[in-house]
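>>> quick one, fold the following:
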Amino acid sequence: MAEGKHVPEDIVVDILSRLPVKSLIRFRRVSKRWRSIVSDPQFAKLQFQNTTQGRRRLVYLLDDSNIETLDLEPPSRWWASIRKLTCPFEHEDQKRHRVMVVGSCNGLVCLSTRICSLASMTSIYIWNPSTGFSLKLPDPGFPDYINRMSMYCGFGYLPATGDYKALVAAYNDDQWGTLQVRVFSTRAGIWKQIESPFRPSSYPVRKYITDDAATVLGVTFHWIIDYFSQRSVIHAFDLVKEEFREMNGFHLLQTLDCFGGCLYGFCKGLYDSSLCIELWVMREYWVSDSWTKLYRIVLSDQVDPGMLVYPYLATETSTVVAQITPEHKKMEIVRIEHEEDDPLVTDRLRRRYHMPSMIVYEESLLRIPDNHAVMKEYKVKKPTDAPANKQKSKEIICLALFNYFLLNILISSFSL
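Below you'll find the model as predicted:
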């Protein structure tokens, strides 16, 4: 079949843009024409728009150099969907580094690495797990007295300007909780210092951030700040206005999530001597009285006081939860279906424990645009489809060619 002689280019692009990312990465090896189409940044945007219900995956760390991702979309066999990835950056001494997943947006994941013995040194990376693209951001420029081991971060996108922004906030290494904030713009390529509205306390305050990574709803970051069981508050940061605001939370509020344009909150606690989680939804955004409990799920009848529970994905029908036991270095990821009165565990995956550092992301071909200042000034690892070995290359090319001929048959029938 003569390629492209009777099939309009826009039809080929439209059909390809509706395929999953995994298939498109394989198709880049089929021909120069297809490689050019799939590698085009405009095509990446179109593909992401056409697959807004694209597959969501959970990325988590096995250790500071080995990373896995897991398909969260039902129906899926979790064991079969695991992909093993390597860390997108190299350490001189991996044992001294602590890697954390601190944000995700448009298929891009934000990571931070900190040298444990030198808390003043922090590196931040933007990485696409699907394509291998990675970008190291410049140092935020915090002073030495900042406690970088208690940072919280956010990573988001401004559709109006096409700008990606990363936020890093850290408390002074003192008891009064002075907050220092930096915001990075990929378009401008610089960090900007933001004045924190949260004034230092007149007395020592013990507090901690329940999750390093912000929950992103629209163009706003959200974190829970817990004052050691005295009270909890939600800090929000508007990416457009570059302003903070604060709202009181409620007792036992542990993590946040968003679904269907609403902010959700998870609580963990004991109910009739069983370990449970509850899902609450904020019916009216930023109205504290609008929190409404949706359901309670019993996780275990045997309460382990050392168990950590991290709900990571809530939908109308199911919730994905990570249960971590640090003492035994074990992590269990479970999917709980809760359409019926009796919630049912339908998927279960056990992995060895590293850190409760994981986040949900959507697969995409997107990367930071070439015309952004950060791409011109800092180290970039561009997407690569180089196979690990020749045998794997042959298998991928054969599979891609097979799919290529099937797709051409579809294109031909579509054009008739």
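>>> what sits against residue 368?
Neighbouring residues of residue 368 by C-beta atoms under 8 Å, 6 or more residues apart in numbering: 108, 126, 133, 135, 164, 186, 374, 375. Any C-beta I mention is one placed from the backbone N, CA and C, and that applies to glycine too.
>>> what subset of the residues you listed is buried?
Judged by neighbour count, with 16 or more other C-beta atoms under 10 Å as the criterion, the buried members of the contacts of residue 368 are 108, 126, 133, 135, 164, 186, 374, 375.
>>> picking that back up, got the contacts of residue 368 as TSV, with distance to residue 25, pLDDT and secondary structure columns?
Output for the contacts of residue 368, formatted as TSV (distance: C-beta to C-beta, whole Å; pLDDT from 0 to 100; DSSP: H, G, I helix; E, B strand; the rest coil):
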residue	distance to residue 25	pLDDT	secondary structure
108	16	96	strand
126	19	95	strand
133	12	93	coil
135	19	93	strand
164	22	97	strand
186	23	96	coil
374	24	88	helix
375	21	88	helix
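>>> before we move on, back to that, compile the buried ones among the contacts of residue 368 into TSV and extend it with columns for distance to residue 252.
Formatted as TSV, the entries for the buried ones among the contacts of residue 368 read as follows, by distance: C-beta to C-beta, whole Å:
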residue	distance to residue 252
108	32
126	33
133	39
135	38
164	34
186	37
374	40
375	43
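>>> nearest to residue 301 among the residues you listed?
Among the buried ones among the contacts of residue 368, residue 108 lies closest to residue 301 (C-beta to C-beta), at 40.4 Å.
>>> for that closest one, name its beta-bridge partners.
Judged by DSSP bridges, the bridge partners of residue 108 are residue 105.
>>> again, but for residue 243
If you apply DSSP bridges, the partners that residue 243 bridges to are residue 238.
>>> and it, how far from residue 237?
The gap separating residue 243 from residue 237 is 7 Å, by C-beta to C-beta, to the nearest Å.
>>> which of those two has more residues huddled nearby?
Of the pair residue 243 and residue 237, residue 237 is the one with more neighbours under other C-beta atoms under 10 Å, namely 23 against 12.
>>> so the more buried one touches residue 219, yeah?
No - if you go by C-beta atoms under 8 Å, residue 237 and residue 219 don't touch, sitting 9.6 Å apart.
>>> what's the closest non-adjacent residue to residue 323?
residue 332 (4.7 Å; C-beta to C-beta, 6 or more residues apart in numbering).
>>> kindly report the same for residue 249.
On the basis of C-beta to C-beta, 6+ apart, the spatially nearest residue to residue 249 that is not a chain neighbour turns out to be residue 232, at 3.9 Å.
>>> check whether the one you found really touches residue 250, as I assumed.
Yes - in terms of C-beta under 8 Å, residue 232 counts as a neighbour of residue 250; the distance is 7.1 Å.
>>> with neighbour numbers in mind, choose between these two.
Comparing residue 232 with residue 250 by other C-beta under 10 Å, the one with more neighbours is residue 232, at 20 against 13.
>>> ok, the more buried one to residue 254 distance?
Between residue 232 and residue 254 the distance is 9 Å, computed by C-beta to C-beta.
>>> repeat for residue 56
For residue 56, the distance to residue 254 - C-beta to C-beta - is 21 Å.
>>> neighbour count: those two, which is higher?
Looking at residue 56 and residue 254 with other C-beta under 10 Å, you find the greater number of neighbours at residue 254, namely 21 against 18.
>>> quick one, helices of this structure?
9-16, 21-27, 32-39, 41-50, 78-81, 373-377, 390-415 (DSSP state H).
>>> packing partners of the shortest one?
Of the remaining helices and strands, those touching helix 78-81 by 3 or more C-beta pairs under 8 Å, 6 or more residues apart in numbering; DSSP states H and E are strand 66-71, strand 344-352.
>>> make it 10 Å
In this structure, helix 78-81 packs against strand 56-61, strand 66-71, strand 330-337, strand 344-352, with contacts taken as 3 or more C-beta pairs under 10 Å, 6 or more residues apart in numbering; DSSP states H and E.
>>> how about the first one?
Helix 9-16 makes packing contacts with helix 21-27, helix 32-39, helix 41-50, helix 390-415 when contacts are defined by 3+ C-beta pairs under 10 Å, 6+ apart.
>>> quick check: angle from it to helix 32-39?
Between helix 9-16 and helix 32-39, the angle formed by their directions is 60 degrees, by axes from the mean of the first three to the mean of the last three C-alpha atoms, to 10 degrees.
>>> what residues sit buried inside helix 9-16?
Under the neighbour-count criterion of 16+ other C-beta under 10 Å, helix 9-16 has 12, 13, 16 buried.
>>> low-confidence ranges in the stretch 151-300 of the chain?
Regions of the stretch 151-300 of the chain meeting the criterion pLDDT under 70 cover residues 173-177, 199-211, 227-231, 251.
>>> contact partners for the residue nearest the centre of the chain?
The centre of the chain sits closest to residue 104, judged by C-alpha atoms, centre = their mean, with a distance of 3.3 Å. By C-beta atoms under 10 Å, 6 or more residues apart in numbering, the contact set of residue 104 is 56-57, 59, 110-111, 127, 129, 155-156, 213, 216, 359-362.
>>> so which of these belong to strands?
Secondary structure defined by DSSP state E assigns 56-57, 59, 110-111, 127, 155-156, 216, 359-362 of the contacts of residue 104 to strands.
>>> need the mean per-residue confidence for stretch 19-31.
Within the predicted structure, the mean pLDDT of stretch 19-31 is 88.
>>> may I have that stretch as PDB, with CA atoms only?
What follows is the C-alpha trace of stretch 19-31 in PDB, where atoms were taken according to Å, rounded to 0.1, in the frame of the first residue of the first chain:
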ATOM      1  CA  LEU A  19      -4.500   5.800  20.600                       C
ATOM      2  CA  PRO A  20      -2.900   5.200  24.000                       C
ATOM      3  CA  VAL A  21       0.600   6.500  24.800                       C
ATOM      4  CA  LYS A  22       2.200   3.100  25.000                       C
ATOM      5  CA  SER A  23       1.100   2.200  21.500                       C
ATOM      6  CA  LEU A  24       2.300   5.600  20.100                       C
ATOM      7  CA  ILE A  25       5.700   5.200  21.600                       C
ATOM      8  CA  ARG A  26       6.000   1.900  19.700                       C
ATOM      9  CA  PHE A  27       4.800   3.400  16.500                       C
ATOM     10  CA  ARG A  28       7.600   5.900  16.500                       C
ATOM     11  CA  ARG A  29       9.800   3.000  15.200                       C
ATOM     12  CA  VAL A  30       7.600   2.200  12.300                       C
ATOM     13  CA  SER A  31       8.500   5.000   9.800                       C
END
